[in-house]
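Visitor: attaching a predicted model along with its sequence, questions to come.
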Amino acid sequence: MFNAANANDALVKEAEPIHQVVQSASHMVWHDFRNRLSSHTRIYANMADGGVITLWGRVSSPFEGDKLVDLAIRVEGATNVVNNSGMK
């Protein structure tokens, strides 16, 4: 039986976003990254002033999400990539 006493036990916790620190030299500009991202119609990206790129939306497979993170890491000026994308 569901009641207020066990309500916290019933909540489903979402996974924490994956933070990827950029460790290599950048190879593409933000404009080129956005052009490549246009083929992924359910993924959106934003780059903050500090160089943090945030990805969100839906991917069709974990491989697609990893590929997008690998692309984002290569963006010039990127310092960190936060992947908030999830499976559809």
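Guide: Arrived safely. Numbering: from 1, shown residues only.

Visitor: elements contacting the lengthiest helix in the chain?
Guide: Secondary structure assigned by DSSP state H gives helix 62-73 as the longest helix of the chain. With contacts taken as 3 or more CB pairs under 8 Å, 6 or more residues apart in numbering; DSSP states H and E, helix 62-73 sits against strand 18-21, helix 30-37, strand 52-59, strand 80-87. Heads up, the C-betas are built off the backbone N, CA and C, glycines and all.

Visitor: gap between the second one and the chain center?
Guide: Distance of helix 30-37 from its chain centroid, counting by CA atoms, centre = their mean, to the nearest Å, is 15 Å.

Visitor: for stretch 68-77, same thing?
Guide: For stretch 68-77 - counting by CA atoms, centre = their mean - the centre lies 11 Å from the chain centre.

Visitor: for stretch 76-86, same thing?
Guide: 6 Å.

Visitor: report the helix or strand with the lowest average pLDDT across this structure.
Guide: Counting by mean pLDDT, DSSP states H and E, the chain has its least confident helix or strand at helix 7-10, which shows a mean of 58.

Visitor: quick one on the thing from earlier: for the longest helix of the chain, buried residues please.
Guide: 64-65, 68-69, 71-73 (16 or more other CB atoms under 10 Å).

Visitor: cool, and stretch 80-88?
Guide: 80-83, 85.

Visitor: mind putting those in a markdown table, pLDDT and distance to L37 included?
Guide: As requested, those are exported to a markdown table (pLDDT from 0 to 100; distance: CB to CB, whole Å):
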| residue | pLDDT | distance to L37 |
| --- | --- | --- |
| N80 | 92 | 17 |
| V81 | 93 | 13 |
| V82 | 93 | 15 |
| N83 | 92 | 13 |
| S85 | 89 | 11 |
